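Peer 1: Output the structure for:
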Amino acid sequence: MSRAHAENVIKNIISEIVRECAGRGHAVTDTLVAFMVKAVVLDPRNGFNVDRTLTKQDVQKLEELCLDKLTEKCSPSLDTIKMQVYFDINYTSRREFLEEIHRVLESRLSSVSREITDSRVTSRDQLDALYRKIINYILLRSGMGSPTDSNTVKETTAALQSIFPASELGAFMVLLKRDKEQQLNELTMIVTGIRLFNKASGKAEEEIHLNELMPPVLHEALPVTSKSIEGELSVSQSLVWKYTALLEKLTQPDHQSAECDVPLVLLKQALYNTRQHEAFLKILQADARLCAKHVDILQTELSSHMKLLKETVKAKSAVPTTKVFPLFKTLSQLWCGLQDEAELLKILNSITLSLQPFLSSQAKIFSEVYLNGLLDASEVKTDKQRMSESPDERIDPAEMKSQEWFLPETTASFTELPLQYNGVCGYTLVNTDGLLLPGNPHIGVLKYNQKLYVFSSKEAALKFASSPDDFITEVAEKAKRSPELIQLLKLHQQFSSVAPYSEMQPGESLLVKPITMCESGTQTDIHPLETNIVKPYEWNEWELRKKAIQLADLRTKVTHSTQTGLSHVRRENVTQTWPPRDAASQCKRDGESNVPVPQIYLAGLRGQRDGPVVKTNLTRSVDE
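Peer 2: Modelled structure (predicted):
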């Protein structure tokens, strides 16, 4: 079966599940169904595996299991998965959010801009109407007032007439469409800067308050979003700490299971639900704080540029446009930046409010009164309290030299380390059958297979480090049985494949074959043999065209010449040299000397013990 056919079969499965869910009164998205299909296949209790082909019976069983899970009522696990899918679809990076804001603004103004650039005026009334459209376009793009407000329209008209009177519409009409759009944008920026300057020009420098140089929508969005996220985060964290304390109490070895009839499975699902909600709110809160920081920076720059502009035009009857127009444009850019931050805050607030319905199941099962009754007199600890309980617990790398440990005093940027399992203690998750406890990095961070792990206690760290592969496998098995943990603990990369299971039973027909993909790359030497390189070779077609044009241009010249390999030595050369001259030199006379060669003999060295030794000198002089 081809890959395209297999993909069509999978799409048909998803479409069938969506249709069945709609028939049962449950509206689901294709993304949610695709995630649920993957979750059902990953769960080893269901007996599916992507490493072998799916049969017709497998597909039918898969659809039934997915339908049961997607139509389950009051399920914190399903709510968590829905929350994760919603957040993945609607949340993106700050840069992409701003790009989307700009794209929406351009789409809203495209019709107005098209009416201006495509208009063909033939009368005075049409010219006046076109001028009014330009004013409306400037108001809509700048966001400084409504086109229905007469005072705002008058102010904008006066600012536009000072730089672009209606008499210049004739020159504007003969421009190309691209040039018209560019001039519209420049007019918008300059007019916006003029209006901002006029707004602040009536006040002294010390009276210019930052809040007065802020878009009205930002006045509402900034405090509302911050309070909304902080309030939701406070409630969610309170539930997280209560569920954690209750699960700790119920999972203790000395606890009697008969004392409480609360199903631990639902408690864990409720904990995962609130933990995921808390994680998403922290992301939104970080973005909101970054927006507030950017707002402060933009307001400060806007105030400083306003003061600079006041000093530039102060007590001057005329100022060159080359000096003031760039300042007006800068004011407009800062104003647009503030508006972008306001729109981004509104998006963050909308996502925060949209996450609330995904907490309904755990709120129905465990009401606040019921949850407090289960806790009884148990102590509810915050994450901060848990980390401060063991300040003296610290891993000594000498205790386990086979593993690599990171400690705060020996590691740069310690607080920014990318922790595995989203900062959750993997040992506690396995040892307590699903309890999530935040790890304390100050105890020590274990580096294993290029990944970093944190733990809730020193004992947990040592036991995990003694056999990390076993614990990593167990964590993956827990995530297969609770698919919401895949997103919560960031385990996507670990589930690219599943362990194989038994072969097909006789009589089963093949329907879908697995699609396996991998990233691969090869590297080839460009020139294995340097001698085979063709130096004059040119791969660029445009470079060849350039050379051809140059040669064609040379042929049109009145005088031209060409030098070839046969003619480059056939040219007249003249060389002037000086004739050799007679010369002589005198040097010192050679001299030498010699020394006599010594010849000395000794007699009487043999044949006697204490006899005398006779020395005979036969050295001859040099003169002999």
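Peer 1: Provide a list of residues in contact with Y131.
Peer 2: Contacts for Y131 were tallied using C-beta atoms under 8 Å, 6 or more residues apart in numbering; they are 166, 169. Heads up, the C-betas are built off the backbone N, CA and C, glycines and all.
Peer 1: Buried residues, the strand or helix carrying it. List them.
Peer 2: Here Y131, judged by DSSP states H and E, is contained in helix 124-142. Neighbour counts over helix 124-142 (16 or more other C-beta atoms under 10 Å) mark 127, 130-131, 134-142 as buried.
Peer 1: Same check on stretch 110-126?
Peer 2: In stretch 110-126, counting by 16+ other C-beta under 10 Å, buried: 112-113, 116-117.
Peer 1: Over to stretch 349-364?
Peer 2: By 16+ other C-beta under 10 Å, the buried positions in stretch 349-364 come out as 349, 351-352, 355, 358-359, 361-363.
Peer 1: quick one: contacts of it?
Peer 2: 74-76, 78-80, 82-83, 86-87, 90-91, 221, 224-225, 228-229, 232, 236, 239, 269-270, 273-274, 277, 280-281, 284.
Peer 1: same deal with stretch 400-412?
Peer 2: Against stretch 400-412 from outside (C-beta under 8 Å, 6+ apart): 394-395, 397, 414, 417, 441-442, 444-448, 452, 462, 465-466, 468.
Peer 1: Just the CA trace of stretch 244-254, in CSV.
Peer 2: Output in CSV follows, covering the C-alpha atoms of stretch 244-254 (Å, rounded to 0.1, in the frame of the first residue of the first chain):
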residue,chain,number,x,y,z
THR,A,244,-1.0,17.0,45.8
ALA,A,245,-1.5,17.0,49.6
LEU,A,246,-4.4,14.6,49.3
LEU,A,247,-2.6,12.2,47.0
GLU,A,248,0.4,12.3,49.2
LYS,A,249,-1.8,11.3,52.1
LEU,A,250,-3.5,8.5,50.2
THR,A,251,-0.4,7.0,48.7
GLN,A,252,1.6,6.7,51.9
PRO,A,253,2.6,3.1,52.7
ASP,A,254,0.9,3.2,56.2
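Peer 1: buried residues in that stretch?
Peer 2: Buried residues in stretch 244-254 (16+ other C-beta under 10 Å): 244-251.
Peer 1: tell me the secondary structure for T616?
Peer 2: Secondary structure assignment for T616 (DSSP: H, G, I helix; E, B strand; the rest coil): strand.
Peer 1: for K490, same thing?
Peer 2: Three-state call for K490 (three-state DSSP): coil.
Peer 1: Next, count neighbours for it.
Peer 2: Per other C-beta atoms under 10 Å, the neighbour tally for K490 reads 17.
Peer 1: Likewise for D287?
Peer 2: Neighbour number of D287 under other C-beta under 10 Å is 21.
Peer 1: Let me see the ranges of the strands in this protein.
Peer 2: Secondary structure of the chain (DSSP state E): strands at 54-55, 404-406, 445-448, 451-453, 510-512, 600-603, 614-617.
Peer 1: Distance of N349 relative to L446?
Peer 2: According to C-beta to C-beta, to the nearest Å, N349 and L446 sit 39 Å apart.
Peer 1: and what of I365?
Peer 2: Counting by C-beta to C-beta, the gap from I365 to L446 is 36 Å.
Peer 1: Please identify which of these two sits among more neighbours.
Peer 2: L446 (24 against 18).
Peer 1: which one is that one nearest to, not counting chain neighbours?
Peer 2: In space, and not counting its chain neighbours, L446 is closest to Y453: 4.5 Å by C-beta to C-beta, 6 or more residues apart in numbering.
Peer 1: thought the one you found was touching P441?
Peer 2: No - the criterion here is C-beta atoms under 8 Å, and Y453 misses it with P441 at 10.0 Å.
Peer 1: Okay, and which of the contacts of stretch 400-412 map to helices?
Peer 2: Secondary structure from DSSP state H places 462, 465-466, 468 of these in helices.
Peer 1: which of the residues you listed count as buried?
Peer 2: Neighbour-count burial (16+ other C-beta under 10 Å) applied to those gives 462, 465, 468.
Peer 1: and those as JSON lines, adding distance to T321 and pLDDT?
Peer 2: JSON lines is the format used below for those (distance: C-beta to C-beta, whole Å; pLDDT from 0 to 100):
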{"residue": "L462", "distance to T321": "73", "pLDDT": "90"}
{"residue": "A465", "distance to T321": "70", "pLDDT": "90"}
{"residue": "P468", "distance to T321": "69", "pLDDT": "91"}
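Peer 1: would you list those residues in TSV and tack on distance to V265?
Peer 2: Shown next, in TSV, are these (distance: C-beta to C-beta, whole Å):
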residue	distance to V265
L462	30
A465	30
P468	27
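Peer 1: Return the member of those nearest to Y421.
Peer 2: Set against Y421, the nearest of these by C-beta to C-beta is P468 (12.3 Å).
Peer 1: quick revisit: and of the buried residues of stretch 244-254, the nearest to K154?
Peer 2: Nearest to K154 among the buried residues of stretch 244-254 is T244, at 61.8 Å by C-beta to C-beta.
Peer 1: separation between that closest one and L371?
Peer 2: T244 is 12 Å from L371, by C-beta to C-beta.
Peer 1: For stretch 595-603, output the C-alpha coordinates as CSV.
Peer 2: C-alpha atoms of stretch 595-603 as CSV (Å, rounded to 0.1, in the frame of the first residue of the first chain):
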residue,chain,number,x,y,z
VAL,A,595,103.6,22.9,13.8
PRO,A,596,105.8,19.8,14.5
VAL,A,597,104.2,16.4,14.8
PRO,A,598,105.0,14.9,18.2
GLN,A,599,106.6,11.5,18.3
ILE,A,600,107.2,10.2,21.9
TYR,A,601,107.9,6.6,22.9
LEU,A,602,108.0,4.8,26.2
ALA,A,603,110.2,1.8,27.0
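Peer 1: quick one: low-confidence parts of the stretch 301-450 of the chain?
Peer 2: Within the stretch 301-450 of the chain, the segments meeting pLDDT under 70 span 315-317, 390-391.
Peer 1: what about N198, how many neighbours?
Peer 2: If you count neighbours by other C-beta under 10 Å, N198 ends up with 12.
Peer 1: Quick check: the gap between it and S162.
Peer 2: Applying C-beta to C-beta to N198 and S162 gives a distance of 10 Å.
Peer 1: what does Q182 give?
Peer 2: To S162, Q182 is 20 Å away according to C-beta to C-beta.
Peer 1: ditto for I89
Peer 2: In terms of C-beta to C-beta, I89 sits 47 Å off from S162.
Peer 1: Please list all residues in contact with V622.
Peer 2: 594-596.
Peer 1: cutoff 10 Å now
Peer 2: Neighbour list for V622: 593-597 [criterion: C-beta atoms under 10 Å, 6 or more residues apart in numbering].
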